[in-house]
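1. Generate coordinates for the sequence data below:
(2 chains)
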Amino acid sequence: MPMTMSEKLLARKAGKASVSAGDLVTAKPDVIMSNDITTAMSAIILKDYGIERLAEPDKLYVVMSHFVPAKDIASARMAKTCREFVDTFGVRHYFEAGQGGIEHALLPDEGYVVPGDLVLGADSHSCTYGGVNTFAVGIGSTDLAAAWVTGELWLRVPETIKVVFHGVPQNPWVSGKDLVLFLINQIGDDGALYQALEYHGEAIAALSVEGRLTMANMAIEAGAKNAIFSCDAKLVEYEEKRAKRPLDPVDADPGARYHRVYEWDVTNLEPLIAFPHLPSNTRPVGEAVREKIKIDQVFIGSCTNAKIEDLRIAAKILKGKKLASGTRGVAIPASHEIWLKALEEGIIEVLVRAGFSIAEGTCGPCIGGYFGVIGAGEKMLSTSNRNFHGRTGDPKGETFLCSPAVAAASAVTGYITDPREVAGDDVALCQFSR
Amino acid sequence: MAELIRGKVFRYGRDINTDYILPGRYLMLSTAQELGPHCFEDYDPGFLKTVQPGDVIVGEENFGGGSSREHAPVALKANGVACVIAKSFARIFYRNAINIGLPALEVPEAVDDFQAGDAVEVSLEQGTITNLRSGRTFQIKPYPPEILEIISAGGLMNLIKQKQAMSAVAR
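-> Numbers count the residues shown, from 1 in each chain, chains lettered A, B, ... in the order given. Predicted coordinates:
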């Protein structure tokens, strides 16, 4: 029976010739990822249950990202719980603060997840890895503990929604972020609940791998179980210097059965802004510009949009410019390597001279943790992924979501701004090849 | 599993995400004891003042969306919440709740019948939810065997321990 990408990958990992949507399978992951928050809780679960052995410690990837370097004494205690866990169980793939970064930027960027993998990730944005042709799904801490102990996990095979983006956006400042915000707006914040999103079309073929990772990252904001992109020449090239294991890509069979098919022409798509307090509450940047929305803080960071390409786009706009008076800037390159690259390319200097505060490799205000949480009545424009009440600080604050280009342009003016206003049409930075 | 749940209803709307249930700023806490006192802290400050063991959360679509934090269902359970009834659940919350032995019941028709403060009775054994104010009873769709097995064991880790013990005996 013909299968979608997700079905085919799950069949493979469950050791079955074929599976179809709705089946419950027990599958063996290639990568079991967790961060400081989820590792600590699962480590305590193991202790409570007196478990002394993990099935395959080498499949574990423990990445310290949320509250590192420790923001307070409780975070320091939590980080210690994680370190004791990796020492006790001999976990080799452990990424300390200052050596790793945010897991969803780090693992694909440094080739730890590769096309064809099944990734179980104890963080909702684990769907990110689908950008590099994996079946990647978020789980909680008990599922994580179970996967650590047994080396497998039961999964329901999701129905697949096929999304086809025709055309290539003509506005050079439109990015993967805008495509995914568009999708979430169209189908709603639970429009893909329990289901897989499989991306196709001219725009996707033209989009950079980093742009695809951004799109896959926000699949959860439509409730999706996972998102998956094909392994094309672009991805093979991306993996050439990165992949730490052989690629085993998966593609959809002709005649595969889709639960739904969406087709949109995105040739004329404009940059989008998700207004408070849902990522689906999206409007074109032009509407936001007309409302003259004063921004107290711009945040360029998170697992969604702080990869090197994102930072290059922001720096191109910010070069030689300053933050508007009354607007603060926070930038957090997503990993240590990305931070170093940004330093070498002069991006850090551009950001510092513009007046940004810089940290590295941590989630920062995206999760309302530290390094830029917002206060009551404040408005933040953020390249992150969620704008729920209280997500980024005081519940009476407001967060607007956008691409790095819109964030950088708005930092300069202090109001939500169309990048064309500040920087014109610089096609050299487009995330889409033409 | 067998006991009857009796309590009052906390009635919420759609998109009750895990940030509302347990704010991100407390995620450096990892145990039920530490997390319980922060449940719904910003979203519904009245919750902590009035919640009693056996109480039931009733929400609409997409309950538990957003972050994968198991801290959210753990915090609900720490306060004695006996089950969550909703029109639909975000998938990670659904798994997490069941994995820690907090029943998540998808019964859309029951949700519309409930108001805040209603007295409710839930029998997992008989698969029924009764609104003691309206007198109406709603059927819970049975769980598939794979999920029922987890619930019967009182959570996924209990089930794993049971299976490990059984395979040790078999050896």
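2. for the longest helix anywhere in chain B, packing partners?
-> Longest helix in chain B by number of residues (criterion: DSSP state H): helix B:156-170. Using 3 or more Cβ pairs under 8 Å, 6 or more residues apart in numbering or on different chains; DSSP states H and E, the elements in contact with helix B:156-170 are helix A:141-150, helix B:91-99, helix B:145-153. C-betas here are computed from N, CA, C, even on glycine.
3. Would you convert the ones you listed into CSV that also reports mean neighbour count and mean pLDDT?
-> Output for these, formatted as CSV (neighbours: other Cβ atoms under 10 Å in any protein chain shown; pLDDT from 0 to 100):
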stretch, mean neighbour count, mean pLDDT
helix A:141-150, 25, 98
helix B:91-99, 26, 98
helix B:145-153, 16, 92
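4. Please dump these into JSON lines; it should also carry distance to A:Phe165 for every row.
-> Formatted as JSON lines, the helices and strands packed on helix B:156-170 follow (distance: least, Cβ to Cβ, whole Å):
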{"stretch": "helix A:141-150", "distance to A:Phe165": "32"}
{"stretch": "helix B:91-99", "distance to A:Phe165": "25"}
{"stretch": "helix B:145-153", "distance to A:Phe165": "36"}
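5. for those, which one sits closest to A:Cys127?
-> Distances from A:Cys127 to each of the helices and strands packed on helix B:156-170 were compared using Cβ to Cβ; the shortest belongs to helix B:91-99, at 10.4 Å.
6. Check the offset of the biggest helix by length in chain A from the chain's centre.
-> Counting residues, the longest helix found in chain A (DSSP H) is helix A:73-89. On the basis of Cα atoms, centre = their mean, to the nearest Å, helix A:73-89 is displaced by 25 Å from the centre of the chain it belongs to.
7. Tabulate the CA atom coordinates of the strand ranked longest in chain B in CSV.
-> Within chain B, and with DSSP state E defining each element, the longest strand by residue count is strand B:4-11. Taking Å, rounded to 0.1, in the frame of the first residue of the first chain, the C-alpha atoms of strand B:4-11 are listed here in CSV:
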residue,chain,number,x,y,z
LEU,B,4,-15.8,7.0,41.8
ILE,B,5,-14.7,10.6,41.2
ARG,B,6,-16.9,13.2,42.9
GLY,B,7,-16.1,16.9,43.0
LYS,B,8,-16.8,20.3,41.6
VAL,B,9,-16.1,21.6,38.2
PHE,B,10,-13.6,24.3,37.1
ARG,B,11,-15.0,25.4,33.8
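8. which element follows it toward the C-terminus?
-> In the C-terminal direction, the helix or strand that comes right after strand B:4-11 (DSSP states H and E) is helix B:18-21.
9. mean confidence score for the following helix or strand past that next one?
-> Sequence-wise, the next helix or strand beyond helix B:18-21 is helix B:32-35, with elements assigned using DSSP H and E. Mean pLDDT, taken over the full extent of helix B:32-35, equals 98.
10. The longest helix of chain A vs helix A:141-150, what angle?
-> Per axes from the mean of the first three to the mean of the last three Cα atoms, to 10 degrees, the angle that helix A:73-89 makes with helix A:141-150 is 20 degrees.
11. So which other helices or strands are in contact with helix A:73-89?
-> Taking 3+ Cβ pairs under 8 Å, 6+ apart as contact, the helices and strands that helix A:73-89 lies on are helix A:36-48, strand A:60-63.
12. redo that, cut-off 10 Å
-> strand A:31-35, helix A:36-48, strand A:60-63, strand A:93-95 (3 or more Cβ pairs under 10 Å, 6 or more residues apart in numbering or on different chains; DSSP states H and E).
13. can you dump the C-alpha coordinates of that helix into PDB?
-> The C-alpha trace of helix A:73-89 is given here as PDB (Å, rounded to 0.1, in the frame of the first residue of the first chain):
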ATOM      1  CA  ILE A  73      19.500  28.800  42.700                       C
ATOM      2  CA  ALA A  74      16.600  26.500  41.700                       C
ATOM      3  CA  SER A  75      17.900  26.400  38.100                       C
ATOM      4  CA  ALA A  76      21.400  25.600  39.300                       C
ATOM      5  CA  ARG A  77      19.900  22.700  41.300                       C
ATOM      6  CA  MET A  78      18.000  21.500  38.300                       C
ATOM      7  CA  ALA A  79      21.200  21.600  36.100                       C
ATOM      8  CA  LYS A  80      23.000  19.600  38.800                       C
ATOM      9  CA  THR A  81      20.200  16.900  38.600                       C
ATOM     10  CA  CYS A  82      20.900  16.700  34.900                       C
ATOM     11  CA  ARG A  83      24.700  16.400  35.300                       C
ATOM     12  CA  GLU A  84      24.300  13.700  37.900                       C
ATOM     13  CA  PHE A  85      22.000  11.800  35.600                       C
ATOM     14  CA  VAL A  86      24.400  11.900  32.600                       C
ATOM     15  CA  ASP A  87      27.300  10.900  34.800                       C
ATOM     16  CA  THR A  88      25.400   8.000  36.400                       C
ATOM     17  CA  PHE A  89      24.100   6.500  33.200                       C
END
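14. A:Pro69 touches A:Ala79, doesn't it?
-> Yes. The pair formed by A:Pro69 and A:Ala79 meets the contact definition of Cβ atoms under 10 Å, at 8.6 Å.
15. Phi first, then psi, for the residue lying closest to B:Ala86 once chain neighbours are set aside.
-> What sits nearest to B:Ala86 in space, not counting adjacent residues and going by Cβ to Cβ, 6 or more residues apart in numbering or on different chains, is B:Phe63, at 3.7 Å. B:Phe63 has phi and psi values of phi -70, psi 130 when expressed as degrees, to the nearest 10.
16. I appreciate the help and will end here.
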